[in-house]
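J.: take this sequence and fold it.
(2 chains)
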Amino acid sequence: MSIKVRYFANLKETVGRSEDELQIETPLSVRTIWQHLHPEVMLPETLLAAVNMEYVNLDATVSDGDELAFFPPVTGG
Amino acid sequence: MTVMLLETAFNPWQALDAYQQQSAALKGKYGAISVFVGVMRDFNQGDPIASMYLEHYPGMTEKQLQQIAEQAGQQWPLLDQLIIHRIGEVLPDDTLVLTAAWAAHRGDAFDACRFIMETLKSSAPFWKKETLVSGQTRWVEKNSNGYLSQP
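T.: Numbering: from 1, shown residues only, chains lettered A, B, ... in the order given. Okay, the predicted model is just below:
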C-alpha cells in the first residue's frame, strides 16, 4: 500500500523536500505518519493536514492511495 | 459562481465588469453587488517589502474556494459569486484577491462577501513568502484579524 505525502510553504523547507512516497501495511493516523517520516522533527503545534485535499485532524486515518498534505497556517487573501 | 487563480497581474474593476457583462442571468435581477479587493502593501510588520511569492496547493485551493462560494450561496440568497486570487510573484500595489457577491438586496450581498473573504483567509491553502527590500526572505506566519489595532 502506498500513500503520497506532500509538504507546503515553510514545512517544505523544514523537511527539505516537497513530497514523500510512503509504503504502509495498514492504515495509519496522520500523526503517526508524521512521526514515522520525521522522527527528528517535533510535530509543529500549528500543523495543518489534508487528506485527498480535504482538511482532517491529526487523528484521521490515511489509507492506500490517499494523498496526505502537511502545511502551516494559511496566509492567503 | 466562478473561481479563478491568476498568475499575472489583473485589474479587479475590469475583471468585474467583464464578468458581469457576460452574465446574462444577472441582468435586471440584482439590486446589490458587494465587492472586496485586497491589495499588496509595500510594508509589513514594520519592514519595507519588495515583492511576495504566493504559494498554493493546486487542486485543493480551487476545491476550497469553490466550497466557500457554495457555502455562501447556501447561507444567503445570492445570484452569483466570484472569487479571483493571484498566485506566484506579486508586487506592491498588485491586487491579491477579489471577492464579489450579487444579490437582490444589500444585506445579503454585504454579509456574503464578508463571509467569503474571511473564510478564504482562514481556510484556502495559500502561503505568502515576502522578500524584504533588504533582500531577506520570510514566510508570513499567520493572517491578522483584519484590523490595524488588534485586541
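
J.: from the chain's centroid, how far away is the helix or strand hosting B:Met4?
T.: Using DSSP states H and E, B:Met4 maps to strand B:2-6. Centre-to-centre, strand B:2-6 and its host chain are 10 Å apart (CA atoms, centre = their mean, to the nearest Å).

J.: what does stretch B:20-32 contact?
T.: B:33, B:79-80, B:102-106, B:108-110 (CB atoms under 8 Å, 6 or more residues apart in numbering or on different chains). All C-beta atoms are positioned from the backbone trio N, CA, C, and that covers glycine.

J.: and A:His36, how many residues sit next to it?
T.: Using other CB atoms under 10 Å in any protein chain shown, A:His36 has 12 neighbouring residues.

J.: isn't it right up against A:Leu28?
T.: Yes: counting by CB atoms under 8 Å, A:Leu28 is a contact partner of A:His36 at 7.4 Å.

J.: quick check: ChimeraX command selecting the buried ones in the contacts of stretch B:20-32.
T.: In ChimeraX syntax, the buried subset of these is picked out as below (16 or more other CB atoms under 10 Å in any protein chain shown):
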select /B:33,79,80,102,103,108,109
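
J.: from the contacts of stretch B:20-32, which land in helices?
T.: Among these, the members found in helices (DSSP state H) are B:106, B:108-110.

J.: of the residues you listed, closest to B:Met117?
T.: Nearest to B:Met117 out of the ones in helices among the contacts of stretch B:20-32 is B:Phe110 (CB to CB; 11.2 Å).

J.: touching, that closest one and B:Ile33? I think so.
T.: No: using CB under 8 Å, B:Phe110 makes no contact with B:Ile33, being 10.2 Å away.

J.: shared neighbours, these two?
T.: Counting by CB under 8 Å, 6+ apart, B:Phe110 and B:Ile33 have no contacts in common.

J.: please see if stretch B:85-104 touches chain A.
T.: Yes: residues of stretch B:85-104 contacting chain A under CB under 8 Å from any CB of the partner chain: B:85, B:96-97.

J.: just the ones of these in strands?
T.: Mapping these onto strands (DSSP state E) picks out B:85, B:96-97.

J.: any chance of those in a markdown table, plus distance to A:Asp64, pLDDT and neighbour count?
T.: Formatted as a markdown table, these follow (distance: CB to CB, whole Å; pLDDT from 0 to 100; neighbours: other CB atoms under 10 Å in any protein chain shown):
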| residue | distance to A:Asp64 | pLDDT | neighbour count |
| --- | --- | --- | --- |
| B:His85 | 33 | 98 | 24 |
| B:Leu96 | 38 | 98 | 21 |
| B:Val97 | 37 | 98 | 23 |
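
J.: number of nearby residues for the closest residue in space to B:Tyr53 that isn't next to it in sequence?
T.: Using CB to CB, 6 or more residues apart in numbering or on different chains and skipping residues adjacent in sequence, the residue nearest B:Tyr53 is B:Lys129, 4.5 Å away. Look at B:Lys129: counted by other CB under 10 Å, it has 17 neighbours.

J.: beta-bridge partners for B:Lys129, please?
T.: Under DSSP bridges, the beta-bridge partners of B:Lys129 are B:Tyr53, B:Trp139.

J.: tell me how far the residue located most distally from the centre of chain B lies from A:Ala9.
T.: Taking CA atoms, centre = their mean as the measure, the residue most remote from the mean C-alpha position of chain B is B:Ser134, 27.9 Å away. Noted for B:Ser134: a distance of 21 Å to A:Ala9, by CB to CB, to the nearest Å.
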